[in-house]
Each structure stands twice: as C-alpha cells, then as structure tokens.
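**Student:** Compute the structure for the input listed below.
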Amino acid sequence: VHSRCSRNFPDNICRRRFWPSLRHESPHKFNWKPYQMPSWVTDLIEIAATLFLVALNGFFVAAEFALVKVRPSRIDELIEAGRPFAKSARWLADRMEQTLSSCQLGITMASLALGRVGEPAFFSLLLPVFEFTGVETEAARHTLAFIASFTTITALHLVIGEQAPKIFAIRRPEDMLLWCALPLRAFYILGWPLMSALNWVTSLVLSVVGLEADSGHGEVHTETELQTMLATSLEHGHLSRSEHNLISAVFRFDDMVCRRVMVPRCDVAFFDVNDPPPDCMKLARRTKHTRYPVCNDSLDEVLGVIHLKDLVGIQVEANFDWATIMRPAKKVPENMPISKLLKHFQTTHQLLAFVIDEYGTVIGIVTLENVLEEIIGDVDDEFDNDDPLIIPDGPDQYIVRGRTSLDDACLKFDLERPDAEIDTFGGLLLHAAQRVLSVGDRIDLGEWAAEVLEIRDDRARRTRMTRIASPDTAMGDSDPATPATEGATGD
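**Tutor:** Got it, this is the predicted structure:
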C-alpha cells in the first residue's frame with residue numbers, strides 16, 4: 001500500500017490518509033488514558049462484595065454445623081435414598097477433620113476480606129450525608145464512616161453470617177449439608193495446599209510448647225450431658241415419653257446392684273426338704289412361681305433350685321426325692337452390678353441366683369425378671385396379682401408398702417435421700433425413727449407424715465402418707481434419743 005501510495009500521492013498526503021498516528025502536527029491529541037468507571041458503579045461493586053462476603057461466611061458456618069450434626073450412618077441412608085449430592089456429603093464426612101479445617105479457613109478469609117471491603121463501601125455511601133451535614137475534615141469523615149461501617153457489618157456478620165445459618169443448620173442439618181456439599185468439596189480441593197501448609201505450621205508451633213497437634217473436633221459427652229440432651233429431645237417432641245424412660249433406665253442400669261433389685265429373704269417362697277413333697281406342691285399351686293429354692297429348714301442352707309417344667313409328667317408322691325431333678329444353686333454378692341448379673345445369667349443358663357452379704361448369709365434371691373424390670377418397667381404375668389406399691393387414699397394421702405423402692409418413694413413425695421445404705425421405704429422409716437416400729441407410730445418426713453398401719457417381722461408392711469401443712473422438722477433433724485415424733489407409742 002505504501003509503495004502504491006508513493007507513486008500516486010505526495011508523501012505528506014499518504015501519511016495523513018493511511019497513517020494518521022504518524023502526523024507530527026498534533027501528536028498530543030492521541031495519548032491513551034485508562035478507562036475509569038463511574039463512582040456509582042464502584043460503590044455498587046463494593047456493596048455487592050460486602051454482601052457476598054457476609055453470605056460466604058454464613059455458608060461456611062452452616063456447612064460446619066451441618067457436617068457435625070449429621071451422623072455418617074444417616075448420610076448412608078441418604079445415599080440409598082438417591083438424594084442429590086449425598087455422595088459428596090459422604091466424601092466430606094470421611095475427611096471430617098480436614099473438612100472442618102477448610103470451613104474454618106473459609107470463615108477466616110471471608111471475615112478478613114469483609115473488614116477490608118466494608119469501610120470503603122460505607123464511606124462512599126455516607127459521603128453525601130457528610131456533605132449535607134457539613135463534615136469537611138477527612139479525619140472526621142473516616143472516623144464516622146468507620147464507626148458506621150463497623151456497627152453495620154458486625155450486625156450483618158452476626159445475624160446473616162453466624163446466627164441464622166447456624167440455627168438453620170442445627171434444625172435442618174440434612175438439607176443444609178446436601179446444599180453445601182458440592183461447593184464445599186470444591187473449596188476443599190482448591191484450598192488443600194494452603195490448608196496443609198497451615199496444619200504443618202500449627203503442628204510445629206504446638207511442638208515448641210510440648211503439645212501434640214490434635215483436631216479437637218471430636219465431641220465426647222458425659223452421661224449427665226446425654227441425659228440432659230434426652231430431656232431436651234423429649235421437651236421438643238423428638239422422643240416419646242416411653243422412649244425417654246427406656247433410654248434413661250439404660251443409664252441407671254449399670255449403677256444398680258443386686259441388693260437393690262432382689263426379692264428380700266422374708267418374701268422368698270421355698271421348698272423345705274423336711275416337708276412332704278405334696279405339701280410343697282400345694283405351696284407351688286398357691287404362689288404360682290416358676291422356680292423354687294430347695295432348702296433344709298431355711299435359706300441358711302440352700303440345696304438347689306427346682307424348675308416346675310422338670311415336674312411335667314411326674315407324679316409327686318410322698319417319697320419323691322427332689323434331688324433327682326434339682327439344679328445347682330448359684331450365688332452372687334449383694335454389691336454385684338446387675339449388668340454383670342445379666343452376663344452371669346447368660347453364662348450359667350440359670351435365671352435364679354441367691355444374693356449373699358459379706359458374711360455369706362443369703363439375704364434374698366434375684367431373677368432375670370428383676371433385672372429386666374429395671375429397664376422396661378414392671379412386668380406382671382398372668383399370676384401376678386400384687387396391688388400397686390403406692391395407692392391413693394384420699395386428698396393428699398397415700399398407702400405405701402414397705403418394700404417400695406426408696407428411689408420411687410423419694411420421687412413421689414419429694415423426700416431427701418439419706419446417706420445410709422437404704423433400699424426401701426420401710427428402711428427409710430427405720431432410719432428416721434432409729435428404733436423398731438410399732439403399729440400406730442407416726443414419723444415426720446419433711447412435708448409428709450408417715451403412720452404405720454401394719455407390721456410384719458418387725459418391718460413396716462403398710463404405711464399411710466399424709467401431707468402436713470407446715471412441717472416443723474425435716475427428716476433426720478429429730479433427736480436420736482427420743483421418738484421421731486409425737487405419738488410414737490401408738491396412742
């Protein structure tokens with residue numbers, strides 16, 4: 001082109017037509033300057049970046065709480081149900097500690113960036129206000145803008161970036177985890193090099209002070225904390241009353257000992273080898289138990305155990321020998337936990353054991369039914385016709401059997417449990433009176449007065465509990481040398 005132009009046009013005309021940038025007359029007219037966006041566009045971008053960083057912080061907070069809240073077994077169920085992104089959630093759960101570190105990294109980066117972007121954005125928004133109010137000094141403007149931006153961003157950060165996503169993740173953890181799974185997995189992969197370097201530096205710093213690097217994200221709950229969580233679940237309707245009672249009984253299961261669940265010695269029905277076998281069968285028909293101890297005169301000399309199934313098809317005559325079908329007697333200490341007693345039953349295949357004290361004396365018997373009732377509650381079969389242990393008897397009055405569990409009595413009547421080793425309500429009365437009781441004795445127990453109605457073998461068999469309006473003394477405050485209350489002689 002240049003050669004053709006040179007032949008047909010003068011040189012200066014050629015330069016002006018085809019290369020106007022080479023004209024020497026006015027080179028300053030063609031100096032290029034960078035493009036500057038309008039101020040309102042810059043302000044809009046900064047505000048959008050601020051809101052985005054707040055939302056990003058909320059995303060990482062919600063992802064962290066949702067990941068901790070959902071059980072891995074539940075994630076497997078979501079995978080089987082075909083829920084979207086459930087496999088990504090499983091991938092994150094398999095790398096729990098590293099994923100939680102990624103969430104912490106994202107929260108930190110979003111918070112720092114929010115502090116950097118927030119103040120300029122609010123300064124631009126407040127500039128017309130400053131001009132209108134007459135604030136002209138630059139220092140005053142920046143100070144007021146900092147205060148306004150700090151207050152507003154803190155509120156946004158707290159509400160939108162922390163509290164709202166955290167509460168939502170706690171209440172709907174599965175949905176939140178599925179929503180966050182895919183982007184969180186991508187962030188984990190992109191930030192893995194930086195996160196690995198930071199973990200290495202953290203381990204190095206901890207090693208300097210003599211500590212090992214530990215994730216610290218594994219949360220271990222105590223038994224008390226678990227019971228509190230159960231109570232909260234019951235209150236919010238996530239557990240039924242029966243489920244709560246059943247799980248709570250499991251916590252008490254290992255703390256219970258044989259002495260607390262046994263049938264006391266005085267209530268045990270047994271076969272005496274000195275009695276004619278037909279008389280023993282009459283006892284069996286009257287009491288209707290499945291197993292009977294075989295003793296020589298008393299439980300002080302136990303010979304074995306008879307199971308009534310072994311008598312099927314056998315005619316029990318006067319000369320029948322119990323030893324032909326008798327099973328060996330098994331004994332357990334009174335302080336054996338019933339969890340170990342259950343294993344004892346499973347190992348020996350004998351579901352009745354004799355409870356002995358520290359002197360080797362048989363103080364009662366315990367069966368598998370006694371153990372299971374501590375978990376699932378009272379189980380009455382077709383032949384159990386016992387009345388309830390606590391029966392209403394008018395306004396603020398109850399009839400209480402002496403063998404009622406002390407725990408049940410204390411719960412029912414809001415009584416203070418003494419430090420002594422007492423298992424029954426009858427034992428509580430003896431402890432309060434500090435003497436052998438008689439029919440008609442009256443004993444004050446805090447806000448309740450106990451009147452002994454029936455005595456058998458020197459123990460209170462039935463007692464009437466009556467609420468008193470203004471108790472003078474609580475249990476244990478009376479002088480041990482005197483009767484617990486007035487009327488202790490039965491007048």
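
**Student:** Check which helices and strands the longest helix along the chain is in contact with.
**Tutor:** Counting by DSSP state H, the longest helix found in the chain is helix 96-133. Applying 3 or more Cβ pairs under 8 Å, 6 or more residues apart in numbering; DSSP states H and E, one finds that helix 96-133 contacts helix 39-69, helix 138-158, helix 173-190, helix 192-208. Every residue, glycine included, has its C-beta placed from N, CA and C.

**Student:** Next, the buried residues of the first one.
**Tutor:** Okay, so that is helix 39-69. By neighbour count on 16 or more other Cβ atoms under 10 Å, the buried set for helix 39-69 is 43, 46-47, 49-50, 53-54, 56-69.

**Student:** so who does Ile468 touch?
**Tutor:** With contact taken as Cβ atoms under 8 Å, 6 or more residues apart in numbering, Ile468 is in contact with 444, 447-449.

**Student:** Now restrict those to buried residues only.
**Tutor:** Buried among those (16+ other Cβ under 10 Å): 444, 448-449.

**Student:** Might you list the low-confidence residue ranges for the stretch 151-300 of the chain?
**Tutor:** 212-220 (pLDDT under 70).

**Student:** Where does the nearest residue in space to Met262 that is not next to it in sequence sit, in terms of helix or strand?
**Tutor:** Spatial nearest neighbour of Met262, chain neighbours left out: Gly364 (3.8 Å); criterion: Cβ to Cβ, 6 or more residues apart in numbering. Element membership of Gly364, judged by DSSP states H and E, is strand 362-367.

**Student:** circling back to that earlier point, based on its surroundings, how many neighbours for the residue nearest to Met262?
**Tutor:** 22 (other Cβ atoms under 10 Å).

**Student:** in the sheet, who's paired with it?
**Tutor:** Per DSSP bridges, the residues bridged to Gly364 are Pro264, Val355.

**Student:** Would you mind confirming that it makes contact with Val261?
**Tutor:** No - Gly364 is beyond contact range of Val261, at 9.4 Å (criterion: Cβ atoms under 8 Å).

**Student:** re the thing from before, between the helices and strands packed on helix 96-133, which gets nearest to Arg461?
**Tutor:** Checking these against Arg461 by Cβ to Cβ gives helix 39-69 as the closest, at 53.1 Å.

**Student:** Relative to Ile391, which of the contacts of Ile468 is nearest.
**Tutor:** Trp448 (15.1 Å).

**Student:** I'd like to know how far that closest one sits from Ala460.
**Tutor:** 14 Å (Cβ to Cβ, to the nearest Å).

**Student:** so who does Met262 touch?
**Tutor:** 334, 355, 363-366, 370.

**Student:** which among the residues you listed end up buried?
**Tutor:** Buried among the contacts of Met262 (16+ other Cβ under 10 Å): 334, 355, 363-366, 370.

**Student:** Same list (those residues) but as TSV, adding distance to Leu92 and pLDDT.
**Tutor:** Shown next, in TSV, are these (distance: Cβ to Cβ, whole Å; pLDDT from 0 to 100):
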residue	distance to Leu92	pLDDT
Glu334	52	93
Val355	53	95
Ile363	57	93
Gly364	56	94
Ile365	55	95
Val366	50	95
Asn370	48	89
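
**Student:** just curious, which of those residues is nearest to Asp94?
**Tutor:** Asn370 (45.1 Å).

**Student:** and the nearest residue to that closest one once chain neighbours are set aside, how many neighbours?
**Tutor:** Nearest in space to Asn370, with sequence neighbours left out and distances taken as Cβ to Cβ, 6+ apart, is Val261 at 4.5 Å. Residues near Val261, counting by other Cβ under 10 Å, number 21.

**Student:** Please report the distance of Val261 from Thr424.
**Tutor:** For Val261, the distance to Thr424 - Cβ to Cβ - is 11 Å.

**Student:** if I look at these two, which residues touch both of them?
**Tutor:** With Cβ under 8 Å, 6+ apart, Val261 and Thr424 have no common neighbours.

**Student:** what about the stretch 301-450 of the chain, any weak spots by pLDDT?
**Tutor:** In the stretch 301-450 of the chain, residues with pLDDT under 70: 380-387.

**Student:** Would you mind giving the orientation angle of the longest helix of the chain with respect to helix 192-208?
**Tutor:** 100 degrees (axes from the mean of the first three to the mean of the last three Cα atoms, to 10 degrees).
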